[in-house]
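>>> the amino acid sequence is not available; the structure is as follows:
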């Protein structure tokens, strides 16, 4: 990034104040040269972000993989209510618009003839829709690189903008998230737009710039609620302009700057999230539930300490080289803010409040540190420019240093495209673990294949960073026979955990390579371990006393062998739902004291459209304390299951059938009284799947 020495920029915004000039402005890069370097940076960024975009198609695994795409496609039916308010709606509307353009292009090319064909295309093979979504996120990521360069220019130096753009282009967490169908790349871009608007307000205090900053912050908040942290640098800018003024000027600034900016923020936010007002009751209900989840004592997010971010999350997200570089950049921002009192203060304030939100998890939960990367990159770029001022050859050394995170990003993208270890483990489980055996797995393992999933009693380990011996022992006491985990997550050596008599984690499945479901980690390994002499299955526990059983909404009175009685269900018959929607089915069971200790509910959801779901699971699924039932005492169990026909489900009428199995003997219990006597299952509800 060598350039020809030029005088300081004549841009009035840049040169109006010495505090806004970069320290090496006297040797800034010419415009044409900077554009050439920016093109090289964008080419590198595009190469890293487009590698492996077809991973796991047609239907990818991972968190929230269908949430954004499914909601956007549903809006194409005319229902603009997102029906999900834990995320703001702006990403849904944006992607719905993109899918609308995709539909018009495909219709013009003759790929589809009408909206029905477009919908059927998604149901039959959604690969193109996921690929288009990922390409959109790649484009958004490249725009973020350009926006970072522009902010560096606003701070007084094209060279600084180029270095910051180069850092953002190769940061592993930024690269990997452009491969996901999630809203985080949009959050980074809108955060940069907001920071740029606030910096312009810092440089020139006018009502128009204050209003623009408010509108930009409202846009970012419409993408992710945690962008409300951008209000802090905006307030710092207002304080900067009013500091030392008299009370009259302070009130005038409050009326002419803060009030219009706040109104623009609110107007833009609700314009892009109208159903927060139109469907306020449901929105408040969902947001209250989300708050309770985040504040729950057993929430994995709530329990994440500062040390976890410093020792795990940040090194993983940035890579160790950039971790150190960004730390130095943060120090540089602090020094520049104190000594020069320039617009770098805006970046520093945003990083500080974001770090505080990460550490405390009190205000919002910015679980991913992505929005912090561009400000830290701009701070690190200031250090690079200061080094370059003293030694121009140092620029090439710094450029070579960036090859390390670029290689890390390329390696992570390559591993992302490898076969997912979870799926390979699932099929091994399906073929090798007998039905009825209890299995415990780490929470990162994707759901087991539907055809086998509910044939097992599945127990997730506690949502902690390490698996400990006492958890294994507790699971064995509950009757768990099989353990599926990543040896990297085991606390201590495997020999110490499982004892010398066990070949350390007898690995029927040796090693698979793929990134973590949320952030790229080191190479994964899936180990499937079987207890050599499983402990006796403990008795079941009392959940509801017979006198306290809730009254069912619909009586069934189906008696199974052994005196077990299905008293009713709270599900409505002929409940119409669309593919992908969910309906909860609740049943009430009277279990006598002499009944088998380990019962499975067997069943399925099937009908004229074919087979939809296997409903087989443990009778106590989702109910704590059922593992200590006292023999000889009857219990009443309320069992719940979520019915969610897949997006490819064929419309039609389906029937829910349930039966009982004694897992210890491996036999199904016949119906001895009520409807369908002599059969191994009974119909309890009907579900109508409609388009």
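Perfect, thanks for sending it. The structure displayed is predicted, hence computed values, not measured ones. Residues are numbered from 1 along each chain as shown.
>>> quick check: longest strand of this structure.
In the chain, assigned by DSSP state E, the strand with the most residues is strand 652-662.
>>> which residues sit against the next helix-or-strand element following it?
Next helix or strand after strand 652-662 toward the C-terminus (DSSP states H and E): strand 667-669. With contact meaning Cβ atoms under 8 Å, 6 or more residues apart in numbering, strand 667-669 is reached by 560-562, 564, 602, 659-662, 680. The way it works is simple: take the backbone N, C-alpha and C, and place the C-beta from them, glycine included.
>>> out of those, which are buried?
Among the contacts of strand 667-669, those classed as buried by 16 or more other Cβ atoms under 10 Å are 560, 562, 564, 602, 659-662, 680.
>>> looking at this, residue 434 is in a strand?
No - Residue 434: not assigned to a strand; according to DSSP: H, G, I helix; E, B strand; the rest coil it is coil.
>>> and for it, the neighbour number?
Residue 434 has 10 neighbours, counted by other Cβ atoms under 10 Å.
>>> got it, and residue 359?
Count around residue 359 with other Cβ under 10 Å applied: 13.
>>> show me what counts as buried in the helix or strand containing it.
Residue 359 belongs to helix 344-360 when assigned by DSSP H and E. Buried residues in helix 344-360, counted by 16+ other Cβ under 10 Å: 344-355, 357-358.
>>> of all those, which comes closest to residue 60?
residue 358 (27.1 Å; Cβ to Cβ).
>>> isn't the closest one right next to residue 309, touching?
Yes - counting by Cβ atoms under 8 Å, residue 358 touches residue 309, with 5.8 Å between them.
>>> sorry, back to before: for the buried ones among the contacts of strand 667-669, which one is nearest residue 393?
Out of these, the member with the shortest distance to residue 393 (by Cβ to Cβ) is residue 602, at 72.6 Å.
>>> partners of whichever strand or helix holds that closest one, with directions?
For residue 602, the host element (DSSP H and E) is strand 599-607. Applying DSSP bridges to the sheet, strand 599-607 is found paired with strand 610-614 (antiparallel), strand 617-618 (antiparallel), strand 652-662 (antiparallel).
>>> off-centre distance for that strand?
Here strand 599-607 is found 31 Å from its chain centre; the criterion is Cα atoms, centre = their mean, to the nearest Å.
>>> quick check: closest non-adjacent residue to residue 654.
Nearest residue to residue 654 in three dimensions, chain neighbours excluded: residue 607, at 3.5 Å (Cβ to Cβ, 6 or more residues apart in numbering).
>>> hmm, residue 607 is touching residue 653, no?
Yes - Residue 607 lies in contact with residue 653 (Cβ under 8 Å); the separation is 5.3 Å.
>>> between the two, who's got more neighbours?
Set residue 607 next to residue 653 and count neighbours by other Cβ under 10 Å: residue 607 wins out with 18 against 14.
>>> how far away is the more buried one from residue 558?
20 Å (Cβ to Cβ, to the nearest Å).
>>> tell me the mean pLDDT for the helix or strand hosting residue 152?
Element membership of residue 152, judged by DSSP H and E, is helix 127-154. For helix 127-154, mean pLDDT is 94.
>>> for the following helix or strand past it, which helices and strands make contact with it?
Counting by DSSP H and E, the next helix or strand C-terminal to helix 127-154 is helix 158-170. Packing contacts for helix 158-170, counted by 3 or more Cβ pairs under 8 Å, 6 or more residues apart in numbering; DSSP states H and E, involve helix 31-50, helix 127-154, helix 320-339, helix 373-390, helix 403-416.
>>> mean neighbour count added to those helices, as TSV?
What follows is the helices and strands packed on helix 158-170, written out as TSV (neighbours: other Cβ atoms under 10 Å):
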stretch	mean neighbour count
helix 31-50	17
helix 127-154	22
helix 320-339	18
helix 373-390	24
helix 403-416	18
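>>> picking that back up, between the contacts of strand 667-669, which is nearest residue 202?
Nearest to residue 202 out of the contacts of strand 667-669 is residue 602 (Cβ to Cβ; 65.6 Å).
>>> surely that closest one meets residue 619?
No - using Cβ under 8 Å, residue 602 is not in contact with residue 619; the gap is 10.3 Å.
>>> what's the overlap in contacts for these two?
Shared between the contact lists of residue 602 and residue 619 (criterion: Cβ under 8 Å, 6+ apart) are residues residue 660.
>>> which residue packs closest to residue 34, ignoring adjacent ones?
Nearest to residue 34 is residue 158, by Cβ to Cβ, 6+ apart, at 4.2 Å.
>>> give me the common contacts of residue 358 and residue 309.
Joint contacts of residue 358 and residue 309 (Cβ under 8 Å, 6+ apart) are residue 369.
>>> next, residue 636: secondary structure please.
Secondary structure state of residue 636, per three-state DSSP, is strand.
>>> go on, the one 4 residues further on?
Here residue 640 is recorded as strand under three-state DSSP.
>>> what number of residues lie near it?
So residue 640, with other Cβ under 10 Å, has 13 neighbours.
>>> what count of nearby residues applies to the residue nearest to it when sequence neighbours are not counted?
Among residues not flanking residue 640 along the chain, residue 586 sits closest, at 4.8 Å (Cβ to Cβ, 6+ apart). By other Cβ under 10 Å, 15 other residues sit near residue 586.
>>> packing partners for the helix holding residue 359?
Helix 344-360 is packed against helix 184-203, helix 231-242, helix 320-339, helix 373-390, with contacts defined by 3+ Cβ pairs under 8 Å, 6+ apart.
>>> residue 278 is nearest to which of these?
helix 184-203 (22.7 Å).
>>> check which element follows that closest one along the chain.
Trace forward from helix 184-203 with DSSP H and E and the next one is helix 207-223.
>>> surely residue 100 touches residue 76?
Yes - with contact defined as Cβ under 8 Å, residue 100 counts as touching residue 76 (6.7 Å).
>>> test my guess that the residue nearest to residue 34 contacts residue 29.
Yes - using Cβ under 8 Å, residue 158 makes contact with residue 29 at a distance of 4.6 Å.
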